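Trainee: based on what follows, work out the 3D shape:
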Amino acid sequence: MGVVVVSGGTNGMGRAFALGRAERGDRVLVLGRNRERGEALAGGSVTFLPVDLSSVTETRQVVEHILTKYHVVDALTLFANAVAPRRIETAEGLERTFALYYLSRYLLSFGLREAMDRATAPVIVNIAGVGVTKGGVRWADPQLTSGYSVVTAQLQAGRANDLLGVGFAQRSGSRARYVLYHPGFTKSGDRSPLPLVVRGLLAAVSVVARPVADAVAPIHQFLEAPPAAPLTAVDRNKRLPDSFPTLDPQNAERLMDLTEKLLG
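Mentor: Numbers count the residues shown, from 1 in each chain. Okay, here's the model as predicted:
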């Protein structure tokens, strides 16, 4: 039995994974903003910690709470994301997709390393879009103050997560194995914020989407048998080489520097 943290665990793949870990006997800490869904999950070996992960302040607070309450964290799984058809700026002045989909994962990954390094075989699994080469970090304008679109925002945060895996392996000094995992198109997630036309298109192609159970199965395997390498990138069932274009170590160093500056 271990302690598993699941960000974005109140819906979709995160919820399915959290329930799966509880069934396997783990103590599961579910992080999410939706209190109704979170409280419906809570009970037994599942604890719901309400937090708006698009807030740097709240994410730091939940990290401190976990470090205070739990001496050891065995695994961290990162699912939290939400699409925003229009640019939304958080109270801290950050573009919301970047804050939620990337910065929260940075803060949780580096923030929980102290507790993770006490585990026997610690592992972090970042569920994003590794293997996709489209998009990139807007180095001069990461907050997308101009040229915003939902696709641009999602692709930028996705590529930032690729570099986060590399940056964590390079900088953290942690014993935790870092896994970047792209599950492919999955029958999961809340599409209600999307325009009606986009929702219709997604519904049309969902017939070929992977069932949630199939998409989360490899994540259970990563926890039960963590890879030996500090960083592993898997696009569906394909292991990607360290030389994959989106895993560039120099860009990872650049992003870590930029992130530290953004977070002050």
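Trainee: least trustworthy helix or strand in this protein by mean pLDDT?
Mentor: helix 196-205 (a mean of 42; mean pLDDT, DSSP states H and E).
Trainee: just the C-alphas of stretch 126-144, formatted as CSV.
Mentor: Extracted C-alpha coordinates of stretch 126-144, given in CSV (Å, rounded to 0.1, in the frame of the first residue of the first chain):
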residue,chain,number,x,y,z
ASN,A,126,2.7,13.2,-16.6
ILE,A,127,-0.3,12.5,-18.8
ALA,A,128,0.0,14.9,-21.7
GLY,A,129,0.7,14.8,-25.5
VAL,A,130,4.3,13.6,-25.8
GLY,A,131,5.0,12.3,-29.3
VAL,A,132,3.2,15.3,-30.9
THR,A,133,5.6,17.6,-32.6
LYS,A,134,3.2,20.5,-33.4
GLY,A,135,3.2,23.6,-31.3
GLY,A,136,5.9,25.0,-29.1
VAL,A,137,6.6,27.4,-26.2
ARG,A,138,6.1,31.0,-27.2
TRP,A,139,9.3,32.1,-25.5
ALA,A,140,8.6,35.8,-26.0
ASP,A,141,5.0,35.6,-25.0
PRO,A,142,4.2,32.4,-23.0
GLN,A,143,1.1,34.0,-21.6
LEU,A,144,-0.3,34.3,-25.2
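Trainee: now that stretch: average pLDDT?
Mentor: Across stretch 126-144, the average pLDDT comes to 98.
Trainee: tell me the buried residues in it?
Mentor: 126-131, 135-138, 142-144 (16 or more other CB atoms under 10 Å). No exception for glycine: its C-beta is placed from N, CA and C like everyone else's.
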